[in-house]
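Asker: Following is a predicted model, sequence given first.
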Amino acid sequence: MIIDLPRFVAAERPYWDELHGLLSAMETAPERRMSLLEIQRLQYLYERCSADLSQIDSFATDSSLRAFLESLVSRAYSEIHETRAPLKFHWKRAMLAFPRAFRRHLGAFQLSVAVTLLGCAFGWFAIRQDPRAKAILMPFPGLGGSPAERVQKEESMKEDRLSGVKATFGAQLMTHNIQVTVLVFAMGLTWGFGTIIELFYNGVILGAVCADYIAAGQGTFLAGWLLPHGVVEIPAILLGGQAGFILAGALIGWGGRTSRAERLRAAAPDLFAIMAGAAVMLVWAGTMESFVSQYHQPAIPYSLKIAFGLCELTALTIFLGWAGRER
Amino acid sequence: MNTPRQRSLEIETPEGVVFRYQLATPALRALAWAVDVAALGTAAYVIGKAADSFGSLSTDWAGALSAVLFFLASIGYGIVLEWRWRGQTLGKRLLRLRVVDAQGLRLQFPQVALRNLLRLVDMLPLVYLVGGTASLLTRRCQRLGDLAANTVVAREPVFQEPDLEQIAPAKYNSLLAYPHLAARLRSLASPAAVGYAIQAATGRDNYAPAARLELFEDLAAYFQGLVQFPPAALEGLTDEQYVRSVLRVVMARPQ
């Protein structure tokens, strides 16, 4: 078959333009519902452009025309053949997607907890065996000194040391913790090794701090200081680890017969739900750390802070364990 | 990776139609990223100025606002723009690139969010060393975020109808005196070669004289290798005139 290109372009161009216009309208307003006539027209134009593409594909012709038609057909194809529902934001559904995704991958969360506990145990024993290791395991200015001295200093403080910087401090904590959690998740790309290292390292610091304060007889201060924000912040990082392990599992794909692309495609919505949930938790944790955790007895009694932390933990456990559960 | 890298991603639809995405090279993506960095820099400047003006009310809240807004801008820039503009950021839009699903389906929000969150690993240890290396080594030029989100970055072609009257004027064409050979030429000429010939004819005034002669000599040699026209048809034709006659033969049927 010999094609008369100018005539062919002149005849078909109105259909290409129409399809381009229709697709552009769909792309700029994805929430708009199309009428049955519009859907039928889209299908017709898609088929017509596909036929045009097939017609010129075997021909000597300008390659830019083929590339243009391929682009049109690919855009129409993605609209017509997509079976996944477009994203529609519903508060209730979005909130419940998080605990549901969490429960679907409980094994990954348990692994995340286990690695962190292993790190905690390591940090604990390292400090107990050699207190000089503190400078290496806890290289943070606030944690370097004696716990007893710090407690005495904090409890005798008359003025608010965070006065005038409380909001900035809270914002910095939020952004920093979200970055850490995203990194823990993203390290899942290293087949989970990076996630294990990050979680283990966080666990080591936590274990070392606990060992240092408990050995100095400052367990109550430690609980009052850590619980109001830590019961949300630490689980959020563990959730980052859970997401990292899900990602690693999808990359490795033990025992499954599906392709890597299919596994990743299936995991993507759960990964997003878990990470979005963890980010919201970290906003809360940052606020608590800035406005509650840094104030000690006598400003806020330890019993009240501990009780508040336990209430948060209970609420979080109920939410993650039962919210959205099908009866 | 022992499979050769592809310049295009081929997808066959259930109707049997094959289309290809022209994949963006790492260099092109780096350019788009540079534009995005400039855009983010401008955003950071604007946020800083806005926070400064807010600072007269409360320096603490101004600092918090600045930290949160900058963080949201740096994380949300790619996510929001690629979602709202169907796979494009400012840089990608300027360079006609688009993030697309690797199966050719519609890009989903979790995919956009994932590829942008995983940028954190791709950017390690600095200036996208991990992501750049990954896109150089993978078949579809994917960085790690693209691999996990199952996306590729494709080039968006623009179609400008070739102006046949400009590149191959409808004067007397000696090749058309041999319709059977002209038909044979139409069926044998490869689309890529015709594309090059169109480009050469369109931009012939931009070449240096020696380069122009050489270019048309090569093109003429290619087309002459496909079909041998009798010497009478080629008499008095320069290589450039011959190529333009070929284009008229290939692209337009005689009236």
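Answerer: Thanks, I have it.

Asker: ok, the residue nearest in space to the middle of chain A - contacts?
Answerer: Using C-alpha atoms, centre = their mean, the residue of chain A that lies closest to the mean C-alpha position is residue A:275, 1.9 Å off. Going by C-beta atoms under 8 Å, 6 or more residues apart in numbering or on different chains, residue A:275 touches A:181, A:182, A:185, A:239, A:240, A:243, B:113, B:117. Where C-beta positions appear, they are placed from N, C-alpha and C, glycine not excepted.

Asker: ditto for residue A:289
Answerer: A:170, A:173, A:228, A:229, A:233 are the contacts of residue A:289 under C-beta under 8 Å, 6+ apart.

Asker: quick one on the thing from earlier: any chance of the contacts of residue A:275 in JSON lines, plus pLDDT, neighbour count and distance to residue A:43?
Answerer: Formatted as JSON lines, the contacts of residue A:275 follow (pLDDT from 0 to 100; neighbours: other C-beta atoms under 10 Å in any protein chain shown; distance: C-beta to C-beta, whole Å):
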{"residue": "A:181", "pLDDT": "89", "neighbour count": "25", "distance to residue A:43": "44"}
{"residue": "A:182", "pLDDT": "88", "neighbour count": "23", "distance to residue A:43": "41"}
{"residue": "A:185", "pLDDT": "91", "neighbour count": "31", "distance to residue A:43": "40"}
{"residue": "A:239", "pLDDT": "96", "neighbour count": "28", "distance to residue A:43": "43"}
{"residue": "A:240", "pLDDT": "95", "neighbour count": "31", "distance to residue A:43": "43"}
{"residue": "A:243", "pLDDT": "95", "neighbour count": "34", "distance to residue A:43": "39"}
{"residue": "B:113", "pLDDT": "90", "neighbour count": "23", "distance to residue A:43": "31"}
{"residue": "B:117", "pLDDT": "87", "neighbour count": "24", "distance to residue A:43": "36"}
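
Asker: picking up where we left off before, ok, now how distant is the residue nearest to the centre of chain A from residue A:325?
Answerer: 21 Å (C-beta to C-beta, to the nearest Å).

Asker: Look at the residue nearest to the centre of chain A and report its pLDDT.
Answerer: Residue A:275 carries a pLDDT value of 92.

Asker: Next SSE downstream of the helix or strand hosting it?
Answerer: If you go by DSSP states H and E, residue A:275 is part of helix A:260-288. Using DSSP H and E, the helix or strand that follows helix A:260-288 in sequence is helix A:302-322.

Asker: and for that following helix, what are the contacting residues?
Answerer: Outside helix A:302-322, the residues that reach it (C-beta under 8 Å, 6+ apart) are A:98-99, A:102-103, A:220-221, A:223-228, A:230-232, A:235, A:281, A:288, A:292-293, A:296.

Asker: So how do I select the buried members of the residues you listed in ChimeraX?
Answerer: Restricted to buried positions by 16 or more other C-beta atoms under 10 Å in any protein chain shown, the ChimeraX selection for these reads:
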select /A:98,99,102,221,223,224,225,226,227,228,230,231,232,235,281,288,292,293,296
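
Asker: Residue B:39: neighbour count?
Answerer: Residue crowding around residue B:39 was assessed by other C-beta atoms under 10 Å in any protein chain shown; the count is 17.

Asker: State which one residue of the stretch 1-150 of chain A is found closest to chain B.
Answerer: Going by C-beta to the nearest C-beta, chain B is nearest to residue A:68 of the stretch 1-150 of chain A, at 3.1 Å.

Asker: Can you read off the pLDDT for residue A:316?
Answerer: 94.

Asker: actually residue A:88, not the one I typed
Answerer: Residue A:88 carries a pLDDT score of 65 in this model.

Asker: pLDDT weak spots in the stretch 1-150 of chain B?
Answerer: B:1-6 (pLDDT under 70).

Asker: wait, I meant the stretch 51-200 of chain A
Answerer: Looking at the stretch 51-200 of chain A by pLDDT under 70, you get A:57-64, A:83-89, A:160-162.

Asker: follow-up on the earlier one: of all the contacts of residue A:289, which comes closest to chain B?
Answerer: residue A:170 (6.5 Å).

Asker: Check the secondary structure at that closest one for me.
Answerer: helix (DSSP: H, G, I helix; E, B strand; the rest coil).

Asker: three-state assignment of residue 14?
Answerer: Here I'm looking at chain A. Going by three-state DSSP: residue A:14 is helix.

Asker: You answered for a different chain; I wanted chain B.
Answerer: Here residue B:14 is recorded as coil under three-state DSSP.

Asker: how deep is it tucked in, by neighbour count?
Answerer: Neighbourhood size, residue B:14 [other C-beta under 10 Å]: 8.

Asker: one step back: and which of the contacts of residue A:275 is nearest residue A:56?
Answerer: Closest approach to residue A:56 among these (C-beta to C-beta): residue B:113, at 37.8 Å.

Asker: Would you check that that closest one makes contact with residue A:272?
Answerer: Yes: applying C-beta atoms under 8 Å as the test, residue B:113 and residue A:272 come out as touching, 5.0 Å apart.

Asker: Does the residue of the stretch 1-150 of chain A closest to chain B touch residue B:158 like I think?
Answerer: Yes: proximity of residue A:68 to residue B:158 meets the contact threshold set by C-beta under 8 Å, at 7.2 Å.

Asker: Looking at these two now, which is surrounded by more residues?
Answerer: residue A:68 (21 against 10).

Asker: Which strand or helix spans that one?
Answerer: Going by DSSP H and E, residue A:68 is part of helix A:63-81.

Asker: which helices and strands sit right next to that helix?
Answerer: With contacts taken as 3 or more C-beta pairs under 8 Å, 6 or more residues apart in numbering or on different chains; DSSP states H and E, helix A:63-81 sits against helix A:5-28, helix A:36-57, strand B:18-23, strand B:97-101, helix B:191-202.

Asker: Please, where are all the helices along the stretch 51-200 of chain A?
Answerer: Residue ranges of the helices in the stretch 51-200 of chain A, as given by DSSP state H, counting those that start in this stretch, are A:63-81, A:91-104, A:106-129, A:134-137, A:147-156, A:166-186, A:193-215.

Asker: out of these, nearest to residue B:64?
Answerer: Nearest to residue B:64 among the helices of the stretch 51-200 of chain A is helix A:166-186; the distance by C-beta to C-beta comes to 3.7 Å.

Asker: Pull out the buried residues from the closest one.
Answerer: By 16+ other C-beta under 10 Å, the buried positions in helix A:166-186 come out as A:166-175, A:177-178, A:180-186.

Asker: the inter-axis angle of it versus helix A:260-288?
Answerer: Between helix A:166-186 and helix A:260-288, the angle comes out at 160 degrees (axes from the mean of the first three to the mean of the last three C-alpha atoms, to 10 degrees).

Asker: Helix A:166-186 to helix A:106-129, inter-axis angle?
Answerer: 110 degrees.

Asker: give the contact list for the closest residue in space to residue A:290 that isn't next to it in sequence.
Answerer: With C-beta to C-beta, 6 or more residues apart in numbering or on different chains as the criterion, residue A:290 has its nearest non-adjacent residue at 3.2 Å, and that residue is residue A:170. Counting by C-beta under 8 Å, 6+ apart, residue A:170 makes contact with A:286, A:287, A:289, A:290, A:291, B:64.

Asker: Now flag whichever of those is closest to residue A:10.
Answerer: residue B:64 (61.2 Å).

Asker: May I ask you to confirm that that closest one is in contact with residue A:174?
Answerer: No: the pair residue B:64 and residue A:174 fails to qualify as a contact (C-beta under 8 Å) at a distance of 9.2 Å.

Asker: got the domain boundaries for chain A?
Answerer: Domain segmentation of chain A under automatic domain parsing yields A:5-81, A:91-322.

Asker: Figure out the length between the terminal residues of the shortest one.
Answerer: Its first and final residues considered, domain A:5-81 spans 30 Å by C-alpha to C-alpha, to the nearest Å.

Asker: go on, the last one?
Answerer: Domain A:91-322 stretches 17 Å from its first residue to its last (C-alpha to C-alpha).

Asker: Please consider this matter closed, and thank you.
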